[in-house]
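> Following is a predicted model, sequence given first.
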Amino acid sequence: ASAASTAAAATASAAAADEAAGKNTERSAHLTKGAAGLGIMVVSEEDELYHKVSEVIPNSVAASSGKVFKGDVFKAVNGESMFGVTHDDLVAALLKSSEVDLVLTRPEPLAQLANRGGSGSASERRVVLV
């Protein structure tokens with residue numbers, strides 16, 4: 001199995017263990033864009049299997065919601081799954097309308113990020129949503 005599929009399986013197992021232990025592993029956030037957008041910076045892994053919040057801009061709509069945090073993984077935007085879509089597709093989904101419904105999951109455990117195979121220097125693209 002590839003390093004990405006092994007990491008994904010380990011992440012799914014960790015999420016299942018958290019869920020069994022009664023920990024909330026996902027949350028929803030309904031955001032209405034402000035003049036400066038959502039206030040989220042997005043980072044996508046090189047393989048684009050998943051996309052994360054790399055920064056929440058202080059005093060932004062996302063920050064004020066109290067439901068969006070650095071490191072969150074986008075599970076769905078407006079009811080559409082974001083796993084395996086391109087970075088550009090995620091950004092388009094976030095920009096599509098003034099009302100955005102997000103489903104976010106907890107990030108990969110740090111140990112899994114550190115132990116992923118490959119060169120360790122994944123290519124990342126960042127976007128400030130305005």
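Perfect, thanks for sending it.
> Which secondary structure element is home to residue 92?
If you go by DSSP states H and E, residue 92 is part of helix 87-95.
> Which neighbouring elements make contact with that helix?
Counting contacts by 3 or more CB pairs under 8 Å, 6 or more residues apart in numbering; DSSP states H and E, helix 87-95 packs against strand 40-44, strand 73-77, strand 125-128. Glycine gets a C-beta too; all of them are placed from N, C-alpha and C.
> any idea where the helices of this structure begin and end?
3-20, 61-65, 87-95, 110-115 (DSSP state H).
> Out of the helices and strands packed on helix 87-95, which is closest to residue 28?
Proximity to residue 28 (CB to CB) singles out strand 73-77 among the helices and strands packed on helix 87-95, at 8.9 Å.
> Keeping just the C-alphas, turn that closest one into PDB.
Backbone C-alpha positions of strand 73-77 (Å, rounded to 0.1, in the frame of the first residue of the first chain) are rendered in PDB as follows:
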ATOM      1  CA  VAL A  73      -9.500  19.000   7.500                       C
ATOM      2  CA  PHE A  74     -12.300  19.900   5.100                       C
ATOM      3  CA  LYS A  75     -14.700  16.900   4.900                       C
ATOM      4  CA  ALA A  76     -17.500  18.700   3.000                       C
ATOM      5  CA  VAL A  77     -18.500  22.100   1.600                       C
END
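> Name the residues that touch it?
The set of residues external to strand 73-77 that reach it, using CB atoms under 8 Å, 6 or more residues apart in numbering, is 26, 42, 50-53, 81-83, 90, 93-94, 100-108.
> If we use 6 Å, what do you get?
With CB atoms under 6 Å, 6 or more residues apart in numbering as the test, strand 73-77 has contacts from 50, 51, 52, 82, 93, 94, 103, 105, 107.
> Show me the shaky parts of this structure.
Scanning the chain for pLDDT under 70 picks out 1-24, 107-130.
> How about the contacts made by the closest residue to residue 60 other than its chain neighbours?
In space, and not counting its chain neighbours, residue 60 is closest to residue 39: 2.0 Å by CB to CB, 6 or more residues apart in numbering. Going by CB under 6 Å, 6+ apart, residue 39 touches 57, 60, 61, 62, 63.
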